[in-house]
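Trainee: Got a sequence here, can you model it:
(2 chains)
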Protein chains: 2
Amino acid sequence: MIPLEEIRQISVVSPSKIVMLVIDGLGGLPDAKTGKTELETARTPYLDHLAKKGVCGLIDPVSPGITPGSGPGHLALFGYDPLKFIVGRGVLEALGIGFELTRSDVAARGNFCTVNDEGLITDRRAGRITTDKCAELCTLLGQIKLEGVELFVLPVKEHRFLLALRGDGLAAEVSDTDPQQTGVAPNMALSTEPQAKHTAHIVNTFINEASEILARHHPANMTLLRGFSKLPDIPSMPEIYKLTPAAIASYPMYKGLAKLVGMKIFNADSGINEELNILAHYYGEHDFFYIHVKEADSAGEDGDFKRKVRVIEQVDYALPQLLNLKPEVIIVTGDHSTPALLKGHSWHPVPVLLRSQWCRPDNVKEFSESDCISGGLGRLSTTDIMPLAMANALKLTKFGA
Amino acid sequence: MIPLEEIRQISVVSPSKIVMLVIDGLGGLPDAKTGKTELETARTPYLDHLAKKGVCGLIDPVSPGITPGSGPGHLALFGYDPLKFIVGRGVLEALGIGFELTRSDVAARGNFCTVNDEGLITDRRAGRITTDKCAELCTLLGQIKLEGVELFVLPVKEHRFLLALRGDGLAAEVSDTDPQQTGVAPNMALSTEPQAKHTAHIVNTFINEASEILARHHPANMTLLRGFSKLPDIPSMPEIYKLTPAAIASYPMYKGLAKLVGMKIFNADSGINEELNILAHYYGEHDFFYIHVKEADSAGEDGDFKRKVRVIEQVDYALPQLLNLKPEVIIVTGDHSTPALLKGHSWHPVPVLLRSQWCRPDNVKEFSESDCISGGLGRLSTTDIMPLAMANALKLTKFGA
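Mentor: Numbers count the residues shown, from 1 in each chain, chains lettered A, B, ... in the order given. Presented below is the predicted three-dimensional model:
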């Protein structure tokens, strides 16, 4: 991929608009009976029309064979090398629940867990306590006093919580206390760099105090922490692309990721139609829109092939509202594949379509994994999509004389 | 490509098995009359079936346009960036005959050659003397005394031998004495870095003494040395992939390469059937098997189109023994192309097929260069194959949250 600094040098402001529609987990695997993937099974006349008029391909979010998490998948779509810009697990949890981290905060992903009388872990997830119970315990732990540090303990889901530390001189170079196995004791937090010694000490103090408080709350009688991290230092999309980007999404993590790269956030809780209403309403105010459709991934994760098909069909059915706006560039793709057959994210490359006045046509007749193989974009890195979008919007000048 | 360190972080142990069948020099060029390459001419029902059920593509071992040697070609197949991990020819020869180099040894590949009365090379391979004769001459040369340096001269095969130097302060930055052409005299060994001055002097002393000893052994009356090298610092496949890898091969160099990356070596001298017998016998003990078929490359190098076709057909005919084991992932490819038309390695990308339960199908109907162009893998770097194999064996967890 071309370095972001080079893009910054050649990007220009123009009135043209880019809409990037991200159907989370879009790529799939074929159903054994029909031989067709979720996308191939779905009836998608508008997407097929876009694919026919535009140019298609397959994209690898990180690298061929690598299954990306949502963080790397989205950073790549926004044009950031996911091997270079690492969003820590703690930061992702904070983004996921909409907790506003400052630049100096240190965040960690927490698990309530069960330890036995000898202090050995017997269940890393404390029997998956309810989210209500988690919230109750977080309130208790939030009352722990740590010298010179403000403490936030917030429930995420079931046994999962966020620990955020705010104060002067905190560093994220702290090792996980979660040994990621049972039958052993939790690890002490250790500083992996000298500047994090103080932070590791604070973390261990927190864990000790927490274990006293939790002693009478079996099975959630201990905490495990991992992924200590700060907000990454990442140049914003307005800086690099000279865009005024906006995100339309419902799930906190995606809004968080979008905010991280400098997008304005519009919340849309009730699906694609509300998202496209917001798009239409604010269309004049931004030149880049990222629209996130979560439900395709959720259906894939649940192994629900038919529901994933339905989600894709719903998106297609709603598309005219987007098409009527006539954006100069439309991109439809996913942040990764989530085949219902695998019930999870996968490494398979993701179908992508790009429609603009300036596409060089290919022979793709419908938006499907199998047609995208022979698309004019070929097989690309996901990080190539933003430069292509910018180019098709005539927002990039020549590189070199 | 994704850094090996990242792969190490996400690789996990599982019972699934990967078999990588490397048909050396597999890729070809079409015969002028039929318009078909060696692979396209060969009758290969089993390979075609695998290609139909699996996913295909074309891979570049080093970079488009670059003709790789066997070292880079194989390192790329094993997932190592061949531009970063350089294995000297001398080291390869040492590993291939099971000679245990220490970290400070310097090794070189030797040829017995023929020089005429004027000292000009007339045959770089001394008429391909027998391996027995080679061994006899190596014993003679092994008696040469060099001050402060222990000397090993060991037969490899036919005219090829290994020279290994052991002692303090040896450096590998010594130029080849093999000019790689006839009609000229052998070169003097020169140090290309100051620290190798002493080593170059020792090498020239050896060559002089050797030429005296060999004077009465026409046609093997001189030596040529090349590829002075030390063991490279290379992380092993067990470390990176958490595999228990095994190699089944006959030629020393390939066994040497496999050993270098931490494979257990099984020797198979009598062809693909013996190799697949070994595979079946030790199938339970390893989770990764690299099987090497040399003869396709040899036929290509000899410009023998028909023989290369026959070798490919023999491999195909033997395949059921492999298929019966039902490995979770099968890869069939080559380390580079060796078109019979070019009588040597070439830069043409290499056809690859990958078969697993989790392949997303493509429209490839047979295993051929022309079909692979439109395969679902597209055109990839050879270094992407190991991550893809690992992913398809479900041996890689998610990258990032």
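Trainee: what number of residues lie near residue A:378?
Mentor: When neighbours are defined as other C-beta atoms under 10 Å in any protein chain shown, residue A:378 has 17 of them. Using the backbone N, CA and C atoms, a C-beta is placed for each residue, glycine as well.
Trainee: what does the domain assignment say about chain A?
Mentor: Domains of chain A are assigned by automatic domain parsing as A:4-86+A:235-392, A:91-229.
Trainee: closest one to chain B among those?
Mentor: Distance to chain B, taken as C-beta to the nearest C-beta, is lowest for domain A:4-86+A:235-392 among the domains of chain A, at 3.0 Å.
Trainee: okay but residue A:286 is in contact with residue A:245, surely?
Mentor: Yes. Contact criterion C-beta atoms under 8 Å: residue A:286 and residue A:245 qualify, at 6.5 Å.
Trainee: hey, what's in contact with both of the two?
Mentor: Counting by C-beta atoms under 8 Å, 6 or more residues apart in numbering or on different chains, the shared contacts of residue A:286 and residue A:245 are residue A:264.
Trainee: starting at the chain centroid, how far to the helix or strand that residue A:122 is a member of?
Mentor: Taking DSSP states H and E as the criterion, the element that holds residue A:122 is strand A:121-123. In terms of C-alpha atoms, centre = their mean, to the nearest Å, the centre of strand A:121-123 is set 30 Å apart from its chain centre.
Trainee: Show me what secondary structure element comes after that strand.
Mentor: Strand A:121-123 is succeeded, C-terminally, by helix A:131-141 (DSSP H and E).
Trainee: Check the offset of that following helix from the chain's centre.
Mentor: Centre-to-centre, helix A:131-141 and its host chain are 26 Å apart (C-alpha atoms, centre = their mean).
Trainee: So what touches it?
Mentor: Residues contacting helix A:131-141 (C-beta under 8 Å, 6+ apart): A:112, A:129, A:153-161, A:206, A:210, A:213-214, A:217, A:220, A:223.
Trainee: circling back: run me through the strand neighbours of the strand holding residue A:122, direction for each.
Mentor: strand A:106-115 (antiparallel) (DSSP bridges).
Trainee: Let me know the angle separating the strand it pairs with from helix A:131-141.
Mentor: Comparing the axes of strand A:106-115 and helix A:131-141 via axes from the mean of the first three to the mean of the last three C-alpha atoms, to 10 degrees yields an angle of 110 degrees.
Trainee: contacts for the strand holding residue A:122?
Mentor: Strand A:121-123 is contacted from outside by A:113-116, A:179, A:181-186, A:219, A:222, A:224, using C-beta under 8 Å, 6+ apart.
Trainee: rewinding a little: buried ones from the contacts of helix A:131-141, can you make that a PyMOL selection?
Mentor: In PyMOL syntax, the buried subset of these is picked out as below (16 or more other C-beta atoms under 10 Å in any protein chain shown):
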select buried, chain A and resi 112+129+153+154+155+156+158+159+160+161+206+210+213+214+217+220+223
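Trainee: Tell me the residues of chain A that contact chain B?
Mentor: Contact residues, chain A versus chain B (C-beta under 8 Å from any C-beta of the partner chain): A:27, A:29-30, A:35, A:37, A:58, A:62-72, A:82-83, A:86-87, A:89, A:92, A:227, A:341-342, A:345-348, A:369-370, A:373-374, A:378-379.
Trainee: Out of these, which sit inside strands?
Mentor: A:58, A:227, A:378, A:379 (DSSP state E).
Trainee: Of the residues you listed, just say which sits nearest to residue A:98.
Mentor: Closest approach to residue A:98 among those (C-beta to C-beta): residue A:227, at 17.8 Å.
Trainee: State the number of residues packed around the closest one.
Mentor: Residue A:227 has 20 nearby residues by other C-beta under 10 Å.
Trainee: Next: residue A:285.
Mentor: 9.
Trainee: Where do the helices of the stretch 101-250 of chain A begin and end?
Mentor: With DSSP state H, counting those that start in this stretch as the definition, the stretch 101-250 of chain A shows helices at residue ranges A:131-141, A:197-214, A:237-241.
Trainee: Include mean pLDDT when you put those into CSV, please.
Mentor: Below are those laid out as CSV (pLDDT from 0 to 100):
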stretch, mean pLDDT
helix A:131-141, 97
helix A:197-214, 97
helix A:237-241, 98
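Trainee: which of those sits most buried?
Mentor: Mean neighbour count (mean count of other C-beta atoms under 10 Å in any protein chain shown) peaks for helix A:237-241 among the helices of the stretch 101-250 of chain A, with a mean of 21.
Trainee: Against which helices or strands is it packed?
Mentor: Judged by 3 or more C-beta pairs under 8 Å, 6 or more residues apart in numbering or on different chains; DSSP states H and E, helix A:237-241 is in contact with helix A:4-10.
Trainee: Give me the next element, helix or strand, following the helix it packs on.
Mentor: Downstream of helix A:4-10 (by DSSP H and E), the next one is strand A:18-23.
Trainee: partners of that following strand in the sheet?
Mentor: Applying DSSP bridges, one finds strand A:18-23 paired with strand A:288-293 (parallel), strand A:329-333 (parallel).
Trainee: State the mean pLDDT of the longest one.
Mentor: Think strand A:288-293. Averaged over strand A:288-293, pLDDT sits at 98.
Trainee: Name the residues that touch it?
Mentor: A:17-24, A:77-78, A:237, A:241, A:243-251, A:254, A:258, A:263, A:272, A:275-276, A:279, A:283, A:311, A:315, A:327.
Trainee: residue ranges of the strands in the stretch 301-401 of chain A, please?
Mentor: A:329-333, A:350-356, A:378-381 (DSSP state E, counting those that start in this stretch).
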